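> sequence plus the predicted model coming up.
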Amino acid sequence: MKKNITINLCGRLFPIDEDAYEMLATYEQSLRNYFRTREGGEEIADDIEERIAELFEELKQGGTEAVTIEHVTEVIRRLGKPEEMEGNDQPTPDLSTREGSSNGQRTSGNESPSHGEGIGVVRSSKRLYRNPADKKVMGVLSGFAAYFGGDVLWWRLCYAAIILLSFFGSSFNFLWFLHKHQLYFHLYYWGWALIIAYILLAILMPIAITPEDRLRMKGKEVNPQNLAEEVASQTPDPSAQVKEPKASGCLGCIGGFFTTLWAVVVLLFRSCIYVAGVLITALCLAGMAEIISTEFFDTSLFPNNDSFLNSAEGIALTTEHLLAGQCFDLALFIVLGITAYAIIHGLLNESKLIPAMPYGQRVVLLVTWIIGVVITGSLLAYLGPKYTKAERQYNLRIREENEALDREANTHDGIYIQPHEWEFLQDNGWSILRDVRCNHRFTTTGQYMNGDREVRYLDNYGRRQRYRAERVDTLLPGTYRLTCAARANGTGAFIYAIVGDGQPIFKEIPATGNTGGDIWEKANEFVHYHRDVTIPTDSISYGNYQCELAEANRHRGYGWNRITFDPIRITKTTVLRYGLTSDNTFTHRNWLGRWFSATDFEVSNVHDGK
Amino acid sequence: MVDVTNAKSQMRKGMLEYCILLLLRRGPAYASDIIQQLKEADLLVVEGTLYPLLTRLKKDALLAYEWQESTQGPPRKYYRLTDDGLQFLDELDKAWGEIERTVSVLKSSQTSRPQNLIIS
């Protein structure tokens, strides 16, 4: 099936196939080009056109419905190439001068043939084109084969072999000689060089689209006859469309499978390329919009919390390197623009919506692009370290400022306490009175006596630290008992209590370490004693708690000991100050351990005599 | 063989103009008629050759044409000899006679390889 159009040839209408028309138009154009410089050349071309019309008319009389490409080929063969007409014409002027006709040399004519050929039909030498008719990737190697000769298969094999060798050559042991002579090193770069060369050539080599291009690619003379043959050979021949007879049986099945697989792979690859192309284009356009926005409107299109560029350091950096920055933006803009343009152009061209980019434009764009990339790269290399340095300074300053703020906010009476600890201490009425080498840590969680990892207790860890946490209760006259649980891994940590302005009473925390402890021992005894006893309902919670204590730390306990001040007699309303300390200026005993903990401070009223 | 083909075409070339004029002496004709007859006489390889020739002969005022209505289609060029053309043709007739004589003399005196003599 072919598209058919009607042409008006010297006042007569002929239906003609589109491809046939193209060929005819090319032929006529070459005729007009050829005779253009001649006196009466226009008339000659008109006469020949007239003749074509006559021949078509004959076809019509003969019952031909539409002029096909075969008919046009035949007509062109009959009428001849322009230089064939010329060739016969050439010696005739010599007829009048007798002498010339006898030697019959073409050069003796009044027009030199080279002149005629130069103007009319371009008898070009071979040119390097990409061959779209026989391509595996972009048709570069096919074009090479046409230009330099040789079978395209060998070109492809050699190319692929060198690339594969260079990438996987090191795993071929039989290439020992390459290693021996240290040739492998170079080979590795050959692969990349060939790949990059291929891409560059694919961009730079024009694609042979028109029949003229294809003739030049093959090094054939561009003349109507050859053109006709070329057009005819390119026209899909209905018989050629018929697939090769399918191999029958298993082999055919496998072949069909691989054909389908290949088609799927190609389709996937193409889709990936399309998607990537669209994505890259979108990124390029976004980048360009961002550059315009920042350069001309001084605002970023994208929400960014990059406070650096708005900081003193950032502003100093941008003002100091204003010109370089603008150059960078400009170069990047151009690079992005060309990239986006080329991709859009390529995709549209691939979709056959627009013709391929002209060769000159291609070269100009590529060169501009490379220059842009080089400028962008060098400016990046120049500005990058400066940017990094300024940013580092900025970050340092911000961190220092934040730390100062944090210190200010969390320092209470000259002691830095972390917020969550401060909250705990506040809630429980504790004040930190002494902090020497306490590592800003006054409480902790994790080893509470019943194994509850969330419970916070007074704690300190360090070496030779002086620690003092104190709580104050106001007590009415009476007899009181102070109890708490505490543990330590060395001597010199005390629980103390001070009544009014009296002398402090110290009780040293047993250095039981972080296992056992009398609380755990008692709980164990309780559990052991009640092993076979039914616990009264009202004691279940107590019993459960004892179980928890005994089972804490995988039945080893956490080393907690009960410490009791009993009795504490208060005669008049006064304050009871008590707490945990390792401060040797207070206890007059040196703290020799690493850590201590205390919790569950409880002041209870006990009745006299009880 | 190449030599022979080349030689033949050279001979044809030289004769073509003369033959066209001869044809037109019989009476006016369309270009297609001329082509028809030249092809029958095996003087024309490609038809396009005729048109530059006709144009040049017309330019030299050896022949002229008029637009003639044809039975089918638009009017066509109808070529005829001018008086100058007739005179020119007479000259050519004489020249041809001389050539013919020379050739026949040469042919009768020497039988081998006549074409070499003519074209070299």
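It's in. Numbering: from 1, shown residues only, chains lettered A, B, ... in the order given.
> the residue of the stretch 451-600 of chain A found nearest chain B: neighbour count?
Of all residues in the stretch 451-600 of chain A, the one sitting closest to chain B is residue A:453 (104.5 Å; CB to the nearest CB). C-betas here are computed from N, CA, C, even on glycine. Residue A:453 sits with 8 neighbouring residues when counted by other CB atoms under 10 Å in any protein chain shown.
> repeat for residue B:30
Neighbour tally, residue B:30, other CB under 10 Å: 17.
> which residues does stretch A:455-471 contact?
Outside stretch A:455-471, the residues within contact range by CB atoms under 8 Å, 6 or more residues apart in numbering or on different chains are A:421, A:424-425, A:428-439, A:441-445, A:448, A:577-586, A:591, A:594-601.
> could you list which of those residues also contact chain B?
Contacts with chain B within those, counted by CB under 8 Å from any CB of the partner chain: none were found.
> which residues in the stretch 451-600 of chain A form helices?
Remark: helices assigned in the stretch 451-600 of chain A by DSSP state H, counting those that start in this stretch are A:518-529, A:540-555, A:584-587.
> what angle sits between the longest one and helix A:518-529?
Spelled out, it's helix A:540-555. 110 degrees (axes from the mean of the first three to the mean of the last three CA atoms, to 10 degrees).
> so which bits of chain B are right by chain A?
Counting by CB under 8 Å from any CB, the residues of chain B near chain A are B:9-10, B:12-14, B:16-18, B:31-32, B:35, B:45-49, B:51-56, B:58-59, B:72-74, B:76-77, B:119.
> in the stretch 51-200 of chain A, which spans are helices?
Under DSSP H, counting those that start in this stretch, the stretch 51-200 of chain A gives helices at A:69-79, A:82-89, A:99-103, A:113-119, A:140-148, A:152-168, A:176-180, A:184-204.
> so where is the stretch 251-400 of chain A shaky, pLDDT-wise?
Applying pLDDT under 70 to the stretch 251-400 of chain A picks out residues A:251-252, A:304-305.
> in it, which residue sits nearest chain B?
Per CB to the nearest CB, residue A:355 is where the stretch 251-400 of chain A lies closest to chain B, at 31.9 Å.
> and that residue, how many neighbours?
Counted with other CB under 10 Å, residue A:355 comes out at 10.
> same deal with the one 4 residues further on?
Neighbour count of residue A:359, defined by other CB under 10 Å: 12.
> please name the nearest non-neighbouring residue to it.
Of all residues not flanking residue A:359 in the chain, residue A:206 sits nearest, at 4.5 Å (CB to CB, 6 or more residues apart in numbering or on different chains).
> work out the gap between the longest helix seen in chain B and the centre of the chain.
Looking across chain B with DSSP state H, the single longest helix is helix B:83-109. Here helix B:83-109 is found 13 Å from its chain centre; the criterion is CA atoms, centre = their mean, to the nearest Å.
> residue A:593: how many residues sit nearby?
For residue A:593, using other CB under 10 Å, the count is 19.
> leaving out chain neighbours, which residue sits closest to it?
residue A:490 (1.9 Å).
> per-residue pLDDT of the one you found, please?
On pLDDT, residue A:490 comes in at 93.
> just residue A:497 next, same as before
Reported pLDDT for residue A:497: 95.
> over to residue A:559?
For residue A:559, pLDDT reads 94.
> who's in contact with it?
Taking CB under 8 Å, 6+ apart, one finds A:487, A:489, A:512-517, A:520 in contact with residue A:559.
> so how far is chain B from residue A:135?
36 Å (CB to the nearest CB, to the nearest Å).
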